[in-house]
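**Student:** Have a look; sequence and predicted model below, questions after that.
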Amino acid sequence: MIERSLQALQQALAAKEISSVELTQLYLERIAQHNPQLNAYITVDPASSLARARAADAQLARGDGGPLTGIPIAHKDIFCSRGWLTTCGSKMLSNFVSPYDAAVIARFETAGAVLLGKTNMDEFAMGSSNETSFYGPVKNPWNDSCVPGGSSGGSAAAVAARLAPAATGTDTGGSIRQPAALCNLTGMKPSYGVVSRYGMIAFASSLDQAGPLARSAADCALLLNAMAGFDERDSTSLDRPAEDYSRELQTGAGEKPLAGFKIGLPEEFFGDGCSPEVMQLVEAAITEYRRLGAETVAVSLPSTHLSVAAYYVIAPAEASSNLARFDGVRYGYRAPQYRDLNELYSKSRAQGFGAEVKRRILIGTYVLSHGYYDAYYLQAQRIRRLIADDFAKAFEQCDVILGPTSPSTAFKLGEKAADPVQMYLSDIYTIAVNLAGLPAISLPCGFAGGLPAGLQLIGNYFTESRLLNVAHRYQQISSWHLQRPGGFA
Amino acid sequence: MSLTLEQVHRVAHLARIEISDHEAASTLGHLNGIFALIEEMQAVDTQGVAPMAHAQDLAQRLRADRVSESATIEQRAAFQAIAPETEAGLYLVPKVIE
C-alpha cells in the first residue's frame, strides 16, 4: 500500500479495498515507528486525523469522493491549521494553536484529504538543511548522518520514508526543490501567484510559493489541482481560469512523446559549481530526454550568477518586515521578564528567534536602513530584473530549461551549519527561479554514493502542466523515483 | 564594505532584538561574510534597469469597506485566546504613558 501512487490509493479507497481510517492508521503507525529516528514531524494528532478519515469514509460511501478524498497528506508546519499547533519551526510560535486555516489547508480539507500531521522545517523556512528548526534537525532517510535539505526537510523526509503518501512544502529560494533532490522526490514550485499564500506564514512575500512534494510528477499534478486557485484574501493571488494540471500526462505516449520539444541547457548551470557525480547523472538524463524525442539547445543566463547575492538582500529585507509582527503582544512567545514595552519586544524576539532568523532580520534591517537602501535593496531589485530578462530571452529558444537542482547530494549534518555563506550556496541553481517567479520542478535522476540526486526543469510562466508532463515522460522510462530508502519497508 | 560592532548594535536595536556584546561579536563575523557575498552585485552596471519588486505586474485589488466576519466578538475571542495577556477584549502591554 505504501508504494501506491495517489491515483492507485484513490482506486483502492473507491473499491473498498481499504478505508481511509485504515490507511490513516497505517501511516500513523509508521510515524510512531520511524519518526523518532527521523524527526520529520513536529505534531501528529491521531484523534483529529482519524476523525477526518471517518468523514472521508462517509463521503466515499456516498460515492461523492474526489481524487484526494480519504488520502492522508502531511503539511509543512508553515501552514496555519485550525486547532493544530502551527510552529513554523520556531520557539516564537511554539505555543501557537492556529485559530484559522490557511487557504492550502482549507482546499485540501474541501478535497476530502486527511491532515496527517505537521512536518518539521527550518525556522521560518530560513535554511537549506533543516538544522535551524527549534525542534531539532531532520535526518535524511537515505543516510541518517546527512541532512534532508531544507527548508521543507520534514515533508521531504516523511514522504521519502513512506511516513506520508505526499506532502506540501513552500519554496522561497529552493525549499521544495532542494529537499526533493536530496531525498529522491519530485517537488514543484509553481509560478508565483498560482497558490494562495493566505495563512502561510510569510518569509519573503514576493518570493514565497507553496507546492507539492511527492513520489512522482503524476502525484504532484493531483496535489497541485487541489492547491491552485484564485483567493481574494491573498493580494498576489492570480485570477486565472482553473486548469487540470494532469491533463498533458494523459495524452498518448508513443515512441517519442517529446518530439518537437526543445530543452534549453544553460551554460551557467553546467560549469564548475556542480559536483562531477551529480553532473554525470544530469548528463545521463539529458541523453534519455533525447531518446524521448526532445531536442537540446544551448542557452545562456548570464546574470544568474548574481542571484544568490540579490536574493540575500531581497529575502532578508522582506523577512525583516514580515517578522516584525512577532512582538510578544498578540500571540506567540513572550519573554517572562521585562521592564517596559521596548524590553518586552526586544527580549521576546531575542529569546523567541533562533540565530539564523536573527541574522536575516539584521541583514534586512540594515539594507533597508537610511543611506543603504539604494546601494543594496534597489540594486538587488535591478539585478532581479536582469535575471528575469535572461529567462525571458532563453524561453524564446526553448520550451523548458534543464540543469541540476542542487550542486551536490545530501551533505552531512553539521557540515555547513557554522558557515551561513556555504549553506546559502547550496541553492545556487534554485534561487534565480524564485526571483523571476517562474515554475520549476525537481525530479530524481540517479544516485551517487547511495544518495539521490535531482534534476531541475524550469518553465515559462504558467507552464506547470507542461513541466509536469516533461517530468512524467522521464519517469515513465526511468525507475529512480521508485527507489525506497533501506529500513523503511 | 564591512560592518562595525557599533552598527550591529544599532541595527539590532532598530529590529528590536536584544543582543549581548558577545553575541554581537560573533554576529559581526557572520554578517560580514554574508555582505562579502552580496558585494558581488556592486560591480554590475544597472543604469537604466527598472527595479523589479514582483514577479507579476499587478494592480492592488480593492474591496468594499464593510464589516466582515473577522469583526465579530466571537472571532475576537478566538484570536485572543492565544494571546499572552488580555483584558476586556484588549491586549495588555506595559504602561507606555505615565
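**Tutor:** Ah, there it is.
**Student:** what pLDDT does residue 64 get?
**Tutor:** Using chain A. Reported pLDDT at A:Asp64 in the predicted model: 89.
**Student:** looking at chain B here, not the other one
**Tutor:** For B:Ala64, the model assigns a pLDDT of 86.
**Student:** Number of residues surrounding it?
**Tutor:** The tally of other residues near B:Ala64 (other Cβ atoms under 10 Å in any protein chain shown) stands at 5. Quick note: C-beta positions are derived from backbone N, CA and C, even for glycine.
**Student:** State the helix or strand in which it lies.
**Tutor:** Here B:Ala64, judged by DSSP states H and E, is contained in no helix and no strand.
**Student:** Next, the contact list for A:Met92, please.
**Tutor:** When contacts are counted by Cβ atoms under 8 Å, 6 or more residues apart in numbering or on different chains, A:Met92 is found next to A:326, A:332-333, A:349, A:352-353.
**Student:** and if you look at A:Ala380?
**Tutor:** A:309-311, A:313-314, A:317, A:367, B:41.
**Student:** Can you tell me which of the contacts of A:Met92 is nearest chain B?
**Tutor:** Of all these, A:Arg349 has the smallest distance to chain B: 4.8 Å, by Cβ to the nearest Cβ.
**Student:** Using the three-state scheme, assign the closest one.
**Tutor:** Classification of A:Arg349 using DSSP: H, G, I helix; E, B strand; the rest coil returns helix.
**Student:** Spell out the residue ranges of the strands in chain A.
**Tutor:** Secondary structure of chain A (DSSP state E): strands at A:41-43, A:72-76, A:114-119, A:167-171, A:186-189, A:209-214, A:262-266, A:295-299, A:400-404, A:440-448, A:451-459.
**Student:** Quick check: which of those has the most neighbours on average?
**Tutor:** strand A:186-189 (a mean of 33; mean count of other Cβ atoms under 10 Å in any protein chain shown).
**Student:** So what touches that strand?
**Tutor:** Residues contacting strand A:186-189 (Cβ under 8 Å, 6+ apart): A:152, A:156, A:169, A:171, A:176-177, A:179-180, A:209, A:211-217, A:219-220, A:224, A:433-434, A:439-444, A:464, A:467-468, A:471, A:475, A:481.
**Student:** any idea how far the residue nearest to A:Arg290 when sequence neighbours are not counted is from chain B?
**Tutor:** Using Cβ to Cβ, 6 or more residues apart in numbering or on different chains and skipping residues adjacent in sequence, the residue nearest A:Arg290 is A:Thr296, 6.6 Å away. Note on A:Thr296: its distance to chain B, by Cβ to the nearest Cβ, to the nearest Å, is 27 Å.
**Student:** Quick check, the residue in chain A closest to chain B?
**Tutor:** Closest point on chain A to chain B, by Cβ to the nearest Cβ, is A:Gly437, at 2.1 Å.
**Student:** ok, that residue to B:His54 distance?
**Tutor:** For A:Gly437, the distance to B:His54 equals 8 Å [Cβ to Cβ, to the nearest Å].
**Student:** And these two? Which one has more around it.
**Tutor:** Set A:Gly437 next to B:His54 and count neighbours by other Cβ under 10 Å: A:Gly437 wins out with 24 against 15.
**Student:** The residue lying closest to that one once chain neighbours are set aside: how many residues sit nearby?
**Tutor:** Once flanking residues are discounted, A:Gly437 sits nearest to B:Ala55: 2.1 Å by Cβ to Cβ, 6+ apart. Look at B:Ala55: counted by other Cβ under 10 Å, it has 21 neighbours.
**Student:** check which helix or strand covers B:Ala55.
**Tutor:** Counting by DSSP H and E, B:Ala55 is found in no helix or strand.
**Student:** these two touch, right, it and A:Ser206?
**Tutor:** Yes. Under the criterion of Cβ atoms under 8 Å, B:Ala55 makes contact with A:Ser206 at 7.0 Å.
**Student:** got the contact list for the residue in chain B that chain A sits nearest to?
**Tutor:** Residue of chain B nearest chain A, by Cβ to the nearest Cβ: B:Ala55 (2.1 Å). Contact analysis of B:Ala55 by Cβ under 8 Å, 6+ apart lists A:191-193, A:206, A:388, A:436-438.
**Student:** Please enumerate the helices of the stretch 151-300 of chain A.
**Tutor:** A:153-160, A:177-183, A:217-227, A:276-291 (DSSP state H, counting those that start in this stretch).
**Student:** Switch those helices over to JSON lines; also include mean pLDDT.
**Tutor:** Output for the helices of the stretch 151-300 of chain A, formatted as JSON lines (pLDDT from 0 to 100):
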{"stretch": "helix A:153-160", "mean pLDDT": "98"}
{"stretch": "helix A:177-183", "mean pLDDT": "98"}
{"stretch": "helix A:217-227", "mean pLDDT": "98"}
{"stretch": "helix A:276-291", "mean pLDDT": "97"}
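**Student:** Adding mean neighbour count, write the ones you listed out as a markdown table.
**Tutor:** As requested, the helices of the stretch 151-300 of chain A are exported to a markdown table (neighbours: other Cβ atoms under 10 Å in any protein chain shown):
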| stretch | mean neighbour count |
| --- | --- |
| helix A:153-160 | 35 |
| helix A:177-183 | 35 |
| helix A:217-227 | 26 |
| helix A:276-291 | 16 |
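**Student:** the longest helix in chain A is where?
**Tutor:** helix A:20-38 (DSSP state H).
**Student:** Which positions in that one come out as buried?
**Tutor:** A:20-21, A:23-28, A:30-31, A:34-35, A:38 (16 or more other Cβ atoms under 10 Å in any protein chain shown).
**Student:** Run the chain-centre distance for the helix or strand hosting B:Val8.
**Tutor:** Here B:Val8, judged by DSSP H and E, is contained in helix B:5-14. Helix B:5-14 has its C-alpha centroid displaced from the chain centroid by 15 Å (Cα atoms, centre = their mean, to the nearest Å).
**Student:** I'd like the distance from A:Ile383 to A:Val44, if you could.
**Tutor:** 43 Å.
**Student:** er, A:Ala471 actually
**Tutor:** 30 Å.
**Student:** Name the residue in these two with the higher neighbour count.
**Tutor:** Neighbours were counted for A:Ala471 and for A:Val44 using other Cβ under 10 Å; A:Ala471 has more, 25 against 20.
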